[in-house]
Structures are given as C-alpha cells and as structure tokens.
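K.L.:
Only the shape, not the letters, is given here:
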C-alpha cells in the first residue's frame, strides 16, 4: 500500500546522504519534499502540517546538524515522529482488550462493503490461534441478502460456531441471545457482525446504539476499507461521534491505494488502529504495531512481524529436520514440496520481501510471478512418491506424463529438474567445505 510513499521518502533521504554535513536549508528542503510526498499519498493536510512542524523543530537544532551522522539522525527523528503519529498519545490501548471476567464481546460496525463479515471471521481465527480464545460468531446483519449464510460458511470453514435467529429477528435480541448461547457452549468471546449501510443514516446509528446499550461490548470496532482514502476518515469521525468506537480495523492494507487514510486515521479520530487485514485469506490479519508500520513506510522493513509470521506458520521440528537434510545434501522433491507449501503460507511473496530491511525498495520493479510457484507445485504433485524420492528415475516418458498431469510442458519439467539438481550439487559442495574446515580445525588444535 505504501510503495509509492516509501519510494519517495527513500529518494529524499538518499539525496541528503550525498551532501555530507547538513545545513538548516538542507533539512528544510528535504522536509518540503517529505510534505509533498505525504500530501500526494492522501495524508490529511492538517496531519501533514503538524507532523512536518514536529520533525522540523527536532531536526534544525544545532546538536543535530553538527553531527557527522546527521542524515541518519534526521531519518531516526522522522521514524520516531511517524511512530508517534500512528500511535497517538498512548492513553488508549492499541491492542484488542478482553473482559476481566465473563464473556468478551466485540461489536463490529461499519459501512456496507467494508469487509465486516469476513473480518469477524478473521478476528475469531486469529484470537483462537494466538490467545487460545473460544469464539462464537453472531449474525446480527438481518438486512443484507445472504449475510447470515456468508457468516455461516466462514464459520464452518474455520470450525467456529455461528449463532443466528434468522433474518426476521431484532438484532438486539440476536446479540443478547448469542451471549447466552456462548455461556452454554463454554465460549469466552462473542463477535457481533452488525449490519452496514451504503452511507451513515439515523436508522443504522440507532440500531448500533441499542445493541451497545443492551450488551455493553468490550470493544466497538469500526471496520474501514483502507482503499477509500479520505472518505474513510469522515466515516470514522461520524461513527466515533455516534457510538464511541474503541478501535479501528483497517481492511485491504495489502491494496494499491496510497495509504494516507491509514496514516491519518489515528491523529484525526483519536481512536487507535487495532487490527489490520493484509490479504484476502482468513489467516491474513495481524495486530497493528505503529513502530513496525513506520519502519515499513520508511523502507526499514518489519523483521519482528516477519519472525512472528514464520514462527506461527513454520513447524520448528520440520525446519530442523530440513536443515539437517540440506547439510547432508539428501533432500528430495517431497522436502522441496513441503518447503514450498510453508513459504506460501507466509503470504504473498512481495509482501514478505517488503518486510526485509532495505529489500522492499529494491524489489519495487521486480515482478514476482506467484503463478510460477503454483506450476512448480503442480509438477511435483504430478510425480509418484517414488519419483519424488528418487528424481533420477525421471526419464522421457515419465516427464511427458508429469507434464500432462500438471498442465505444463516437458520443458518446464526439465527446467525444474535442472534447478533442483544444481541446488543439490551446491549443497553437496557446502557440506564438503564444512567437513574440510572442521578437519583443518581439528588438526590445528592438535598442533597447538
């Protein structure tokens, strides 16, 4: 989402690095460029004004400009102020809150099309996995055609119970009954999927207020489509005034919008962004960390989020076993397939690469063809188990069968085999070098 902004900010800092020591005019000129970049990214003009002033006051001090590493200090200040902008005053918790005892209730509100129903399922899946919560989804949208069926389908795919009284019941009654149902099930979290409208109207607001009064939710989360730009800020302000939302959920953070709404949201509404949707799949959702987001925007990567994603998706024992196979150069196509599937679970490749410091900006012109990964997976799955374990068995007729079964060509099968063979040979070389070095080390220690 922030690709264009990141590129422009990196350009500004890159030009500063070519000047050695910085003058006050250098800093002011750079901040003018930063200001334009933020405005072009659709960041609210008042937010930009306050941000630039805060950075300017800290940057033009003599103690900054006299340093040899002044440029890095300026980047550090920009990073700190951007983090502060995204985090707010710190008085409102940015993490999802749970009731101290009893049932935790989250009420999701927002306009129609913002992604509330899918987000309800995503939050349920995330908290069940990370917090060991026992969620129940409540279908309180009785107006949108197929809303109840959609939630039931999502719940079934996640094996999460969905409570519904049909599309004729009062949403307030559904919310109250869902909490009682959760108690009977032994659940500890109820997520209310409320109705949306194409625009904010009095009927929508009153219904949300009635549900709030009836169940006293732990969190009232406004689901906002990050692709809607400045309109998202207006929606957030209206809902905040009407029902006192406690947090924001930004969906489609993986989209190609300019990203200004996400940067402005905290400052304009005073409400923290608590969760971010980073893809269409039900596991592509994560907590919102201002410092990590600032790092991504400035092209510094987001190693912590990448580590967390790897830890949650990659089996540690399997990874250690694979490391041993790689060291001994005895891995086969079954291992290759397992690794490929684990990498795919981390999310879109471009998104993962963007989390690596310094790599995001360099990858902006590189098109990662994820369809190629699908083709490789299809080729390997078209092999028999014996062929995957013993690639040397693959003769001409077997290759033709595999190509036909995977919907690819013999040339693509040969290309994959060649790459695989080269990789195994390389690992054998590394393993041989490692043995030689260990042998030299032992001989040296004996001499000493």
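P.N.:
It's in. If you're wondering where the values come from, they're calculated on a predicted model, not measured in any experiment. Residues are numbered from 1 along each chain as shown.
K.L.:
residue contacts, the closest residue to residue 167 other than its chain neighbours?
P.N.:
Counting by CB to CB, 6 or more residues apart in numbering, residue 167 lies nearest to residue 142, which is 4.4 Å off, once chain neighbours are set aside. Heads up, the C-betas are built off the backbone N, CA and C, glycines and all. Listed by CB atoms under 8 Å, 6 or more residues apart in numbering, the contact set of residue 142 reads 148, 166-169, 171, 174, 195.
K.L.:
Please name the nearest non-neighbouring residue to residue 199.
P.N.:
In space, residue 199 is closest to residue 111, 6.9 Å off (CB to CB, 6+ apart).
K.L.:
Report the contact partners of that neighbour.
P.N.:
Contacts of residue 111 were listed using CB under 8 Å, 6+ apart, and they are 196-200, 235.
K.L.:
Which residue lies nearest the spatial centre of the protein?
P.N.:
Against the mean C-alpha coordinate of the chain, by CA atoms, centre = their mean, the closest residue is residue 278 at 3.9 Å.
K.L.:
Helix or strand next in line after the helix or strand of the chain with the lowest mean pLDDT, which one?
P.N.:
In the chain, the helix or strand scored least confidently by mean pLDDT, DSSP states H and E is helix 359-362, which has a mean of 49. Remark: after helix 359-362, the chain's next helix or strand is helix 370-381, criterion DSSP states H and E.
K.L.:
Show me what that next one is packed against.
P.N.:
The contact analysis (3 or more CB pairs under 8 Å, 6 or more residues apart in numbering; DSSP states H and E) places helix 370-381 against helix 333-345, helix 396-406, helix 410-447.
K.L.:
and it with helix 396-406, angle?
P.N.:
On the basis of axes from the mean of the first three to the mean of the last three CA atoms, to 10 degrees, helix 370-381 is oriented at 130 degrees to helix 396-406.
K.L.:
which stretch of helix or strand covers the residue nearest to residue 199?
P.N.:
Here residue 111 is assigned to no helix or strand, by DSSP H and E.
K.L.:
Equivalent analysis for the one 3 residues further on, please.
P.N.:
Using DSSP H and E, residue 114 falls within no helix or strand.
K.L.:
just the one 4 residues further on next, same as before
P.N.:
Assigned by DSSP H and E, residue 118 falls within helix 116-130.
K.L.:
Give me the contacts around that helix.
P.N.:
With CB under 8 Å, 6+ apart, helix 116-130 has contacts from 96, 106, 108-110, 133-135, 137, 141, 147, 150-151, 154-155, 157-158, 160, 189, 191-194, 196, 223, 249, 251, 275, 277, 282-286, 312.
K.L.:
Could you identify the buried members of the residues you listed?
P.N.:
96, 106, 108-110, 133-135, 137, 141, 147, 150-151, 154-155, 158, 160, 189, 191-194, 196, 223, 249, 251, 275, 277, 282-286 (16 or more other CB atoms under 10 Å).
K.L.:
now, which of these lie within helices?
P.N.:
147, 150-151, 154-155, 158 (DSSP state H).
K.L.:
any chance you could read off phi and psi for residue 225?
P.N.:
The phi/psi pair for residue 225 (degrees, to the nearest 10) reads phi -80, psi 110.
K.L.:
Next, work out how far apart the residue lying closest to it once chain neighbours are set aside and residue 236 are.
P.N.:
Among residues not flanking residue 225 along the chain, residue 114 sits closest, at 4.8 Å (CB to CB, 6+ apart). For residue 114, the distance to residue 236 equals 11 Å [CB to CB, to the nearest Å].
K.L.:
what touches both of those two?
P.N.:
Common neighbours of residue 114 and residue 236 (criterion: CB under 8 Å, 6+ apart): residue 224.
K.L.:
Mind putting the ones in helices among the buried ones among the contacts of helix 116-130 into a markdown table with distance to residue 88 and pLDDT?
P.N.:
Below are these laid out as a markdown table (distance: CB to CB, whole Å; pLDDT from 0 to 100):
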| residue | distance to residue 88 | pLDDT |
| --- | --- | --- |
| 147 | 33 | 92 |
| 150 | 33 | 95 |
| 151 | 32 | 95 |
| 154 | 32 | 96 |
| 155 | 34 | 95 |
| 158 | 32 | 94 |
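K.L.:
right, and out of those, which lies closest to residue 204?
P.N.:
Ranked by distance to residue 204 (CB to CB), those are led by residue 147 at 14.2 Å.
K.L.:
I figured that closest one hits residue 193, correct?
P.N.:
Yes: in this structure, residue 147 is within contact of residue 193 by CB atoms under 8 Å, at 7.4 Å.
K.L.:
show me where the stretch 1-150 of the chain has helices.
P.N.:
Using DSSP state H, counting those that start in this stretch, the helices found in the stretch 1-150 of the chain span residues 3-17, 24-40, 45-59, 62-65, 70-87, 116-130, 147-158.
K.L.:
Highest mean neighbour count out of those?
P.N.:
Among the helices of the stretch 1-150 of the chain, judged by mean count of other CB atoms under 10 Å, the one packed with the most neighbours on average is helix 116-130 (a mean of 22).
K.L.:
Now for residue 16: which residues touch it?
P.N.:
Going by CB under 8 Å, 6+ apart, residue 16 touches 22, 26, 30, 71, 74.
K.L.:
okay, and for the stretch 51-200 of the chain, where does confidence drop off?
P.N.:
Within the stretch 51-200 of the chain, the segments meeting pLDDT under 70 span 61-70, 89-93.
K.L.:
let's go with 80 and repeat that
P.N.:
59-76, 88-94, 197-200 (pLDDT under 80).
K.L.:
now do the stretch 251-400 of the chain
P.N.:
Within the stretch 251-400 of the chain, the set of residues satisfying pLDDT under 80 comprises 252-263, 290-332, 335-373.
K.L.:
ok, back up a step: so which of the contacts of residue 142 is the closest to residue 423?
P.N.:
Closest to residue 423 out of those is residue 148 (50.0 Å), distances taken as CB to CB.
K.L.:
Which ones among the contacts of residue 142 map onto helices?
P.N.:
Applying DSSP H to those, the entries found in helices are 148, 171, 174.
K.L.:
how near is the second one to residue 196?
P.N.:
Distance, residue 171 to residue 196, using CB to CB: 12 Å.
K.L.:
what sits in contact with each of these two?
P.N.:
Shared contacts of residue 171 and residue 196, defined by CB under 8 Å, 6+ apart, comprise residue 141.
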